[in-house]
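Asker: Would you be able to build a 3D model of this:
(one chain, ligands or ions: 2)
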Amino acid sequence: MSFETASIPRVEGANASASASAAALTGPKLRVSGVSKRYGDVYALKESDLELRQGEFVTLLGPSGSGKTTLLMMIAGLVKPTSGDIWIDGRVATHQQPYERDVGMMFQSYALFPHMTVGENIAFPLKMKGALKERVREAVDEVLEQIKLPSVRNRFPAELSGGQQQRIALARSIVHRPSVVLMDEPLAALDKSLRTHMQMEIRQLQQELGITVLYVTHDQEEAMTMSDRICLMNEARIEQVAAPSELYFSPRTVFAAGFLGESNCLHGIVESVDGTTARVRHGGCLLEGRLMNAAKAGEACRLMVRPEAIRMVAGQRHADQAHGNAIPADVAAHVIGGAVSRTSLRTDSGVLLAATQLTTRSTAAPAGGVTVTFSAQDCLVFGAGA
Ligand SMILES: Nc1ncnc2c1ncn2[C@@H]1O[C@H](COP(=O)(O)OP(=O)(O)OP(=O)(O)O)[C@@H](O)[C@H]1O
Ligand SMILES: [Mg+2]
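Answerer: Ligands and ions are numbered 1, 2, ... in the order given. The predicted model follows:
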């Protein structure tokens, strides 16, 4: 994407966090209210709301083109919103220049300045804010200790590994203690093991220093392991904002259930609704599940069941309610894929279901007919609106 108002910080910052109002001290560190971005007739982001509390690590997660970078760039001041307002530490920042905003940035493509030493790179945001020379030196030393690279101060970026360069970019994003640090896929260019290591390092440092972070990734595992809350995005909208476990176990939409982890999907007709419990007819089976949105008897619905929630009872083919949620099926394939074993099951209505279980020495391939069972708690029912 291109930046409409991209500019490098060049003037002393206008942030005076010492004089923050009482509201700023108790309110959210970042507040996005009714913010949208339209390019011609197309929305890159529809009207969205989001709040980050002090010390929170929130991740924007979603498929390519869902609007993650657009939202981050508007908070950074590098893209102008079409509508809405942005508050940073209790102040309206919507019309502030990037260098006036109390944010730190770490982007995959936001490379270090190659002609500056590590020390000069890290010092850059402090110098832009007019910090005294002595203070700059102290802060750079301190942050180099924090990222465990105290001896590279006088090196140039080209003399560092990719992982070390990203650590320096991390140091530069936090050295001036901004209200919010914005990170857009900062680890995407690193190999898997270094990425996993850096994920832990960023999270640890963020928790130790109590930094507020808005992080972007399209890697669900990264989002699940690092975040206090995940803001799931889809087609220029915020789909759901929740803690990782809540998003995993109680997704509010079919998209959320399908995007995070794996889900089996069954189609059915709602038979009856009792509070948050729905009974659903699927072929010859009557199944019970948790209703995740509004649905009425007679309506079409979808049932989502995680592969790890499925149990197989070998040698029997039940479809009666006496056995709880029970679907007769035949084993189509069984693979021991290391720690997890995977079974493909074909139901009588022709649906292919995946079931996973932890591999043990006694794990054996079930053969022939089985009864597929799962609890009502693990069966999510989505009406047509989800
Ligand atoms: N300058 C621009 N002009 C026109 N359309 C744009 C511009 N910038 C972004 N878009 C469109 O806005 C939508 C959202 O883009 P955005 O870069 O925010 O997605 P993203 O979620 O960050 O995706 P990715 O995971 O691929 O980085 C896309 O459809 C994109 O093509
Ligand atoms: Mg992006």
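
Asker: make it CA atoms for all contacts and neighbour counts henceforth
Answerer: Will do.

Asker: can you give me the helices for the stretch 151-300 of the chain?
Answerer: Shown for the stretch 151-300 of the chain, the helices assigned by DSSP state H, counting those that start in this stretch span residues 162-174, 192-209, 220-226, 244-249, 254-259.

Asker: tell me what the last one is packed against?
Answerer: Here helix 254-259 touches helix 244-249, going by 3 or more C-alpha pairs under 8 Å, 6 or more residues apart in numbering; DSSP states H and E.

Asker: neighbours around the residue of the stretch 101-250 of the chain found nearest ligand 1, how many?
Answerer: In the stretch 101-250 of the chain, the residue that lies nearest ligand 1 is H218 (5.8 Å; C-alpha to the nearest ligand atom). Using other C-alpha atoms under 10 Å, H218 has 19 neighbouring residues.

Asker: list the contacts for it?
Answerer: Residues near H218 by C-alpha atoms under 8 Å, 6 or more residues apart in numbering: 61-64, 185.

Asker: what do you get for V92?
Answerer: Counting by C-alpha under 8 Å, 6+ apart, V92 makes contact with 85-86.

Asker: The one 5 residues further on now?
Answerer: Each residue near Q97 by C-alpha under 8 Å, 6+ apart is listed here: G77.

Asker: Return the set of buried residues in stretch 258-267.
Answerer: Judged by neighbour count using 16 or more other C-alpha atoms under 10 Å, the buried positions of stretch 258-267 are 258-260, 263-267.

Asker: low-scoring stretches of this protein, by residue?
Answerer: 1-26, 109-110, 316-323 (pLDDT under 70).

Asker: Now do the domain split for it, please.
Answerer: 17-254, 262-382 (automatic domain parsing).

Asker: Correct me if wrong: A123 contacts E138.
Answerer: No: A123 is beyond contact range of E138, at 10.0 Å (criterion: C-alpha atoms under 8 Å).

Asker: between the two, who's got more neighbours?
Answerer: A123 (23 against 11).

Asker: Now that one: which helix or strand?
Answerer: helix 118-128 (DSSP states H and E).

Asker: Please tell me how far L52 sits from A297.
Answerer: 39 Å (C-alpha to C-alpha, to the nearest Å).

Asker: Correct me if wrong: G385 contacts K296.
Answerer: No: here G385 lies out of contact with K296, judged by C-alpha under 8 Å, at a distance of 11.2 Å.

Asker: If you count surrounding residues, which of these two has more?
Answerer: Comparing G385 with K296 by other C-alpha under 10 Å, the one with more neighbours is K296, at 15 against 10.
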